[in-house]
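**Q** quick one: sequence plus predicted model below, questions after.
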Amino acid sequence: MKRYILTIVLAAAALGATAVSSPASAQLPKLDTSPGKWSYSTRTEIPGIGSIPMSFEQCVTQKDIDEGRNLNAQKDAGMDCKYTNVRQTGNRYQFVATCSGKSMPEPMVMTYDMTATATQMDAKMTMTGGAAKEMGGKMNMSMSAKRLGGC
């Protein structure tokens, strides 16, 4: 069960990091972020389990941003995501990601509300369906990221 929870937390965090560092598919607006080394901090709240913090760093190149390569990493991990309800107002981005995968009994639906600039990002995400349903409800995740400098 712990491994399954960690997989879901990592998938949600990867999606948030992806949104920051790539223009994604044609459905998502290109976020105004800069290439370089980024530091991410997340906190996932899971009903009945508690809070799971996680931090990681990622080097993002201009080529990564231009090609949206980070979303391809989700496909390599067996996840297929579709984006709907995409809205952009200034540096605020809102969208819904519906992701499915072999190990998920039903799709995960993640609702994002985030702000992004060239050097930092803050996001809130609520996940329902998939593993969240199996664990009794919805999961909430907050993420903040900051560009540290060059890679």
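**A** Noted; the coordinates are in hand.
**Q** which residues of the protein fall in helices?
**A** 2-21, 62-67, 69-76, 130-134 (DSSP state H).
**Q** I figured Gly130 hits Met108, correct?
**A** Yes - using CB atoms under 8 Å, Gly130 is in contact with Met108, at 3.5 Å. Any C-beta I mention is one placed from the backbone N, CA and C, and that applies to glycine too.
**Q** Gln62 contacts Thr33, doesn't it?
**A** No - Gln62 lies out of contact with Thr33 (CB under 8 Å); the separation is 10.4 Å.
**Q** of these two, who's got more company?
**A** Using other CB atoms under 10 Å as the criterion, Gln62 and Thr33 rank with Thr33 on top: 22 against 10.
**Q** now that one: how far from Lys138?
**A** Here the criterion is CB to CB, to the nearest Å. By it, Thr33 lies 28 Å from Lys138.
**Q** read off the pLDDT value for Gln120.
**A** Looking at Gln120, its pLDDT stands at 92.
**Q** ok, now which ones touch it?
**A** By CB atoms under 8 Å, 6 or more residues apart in numbering, the contact list for Gln120 reads 144-147.
**Q** now rank those by neighbours and give me the top one.
**A** Neighbour max across the contacts of Gln120 (other CB under 10 Å) = Ala145, 26 neighbours.
**Q** the nearest residue to Val86 once chain neighbours are set aside: neighbour count?
**A** Closest residue in space to Val86, ignoring its immediate chain neighbours: Phe95 at 4.4 Å, by CB to CB, 6 or more residues apart in numbering. Here the count is done by other CB under 10 Å, and Phe95 has 20 residues near it.
**Q** next one: Lys82
**A** Counted by other CB under 10 Å, the residues lying close to Lys82 total 12.
**Q** swap in Pro47?
**A** Per other CB under 10 Å, the neighbour tally for Pro47 reads 12.
**Q** quick check on it: phi, psi?
**A** Reported as degrees, to the nearest 10, the phi and psi values for Pro47 are phi -50, psi 130.
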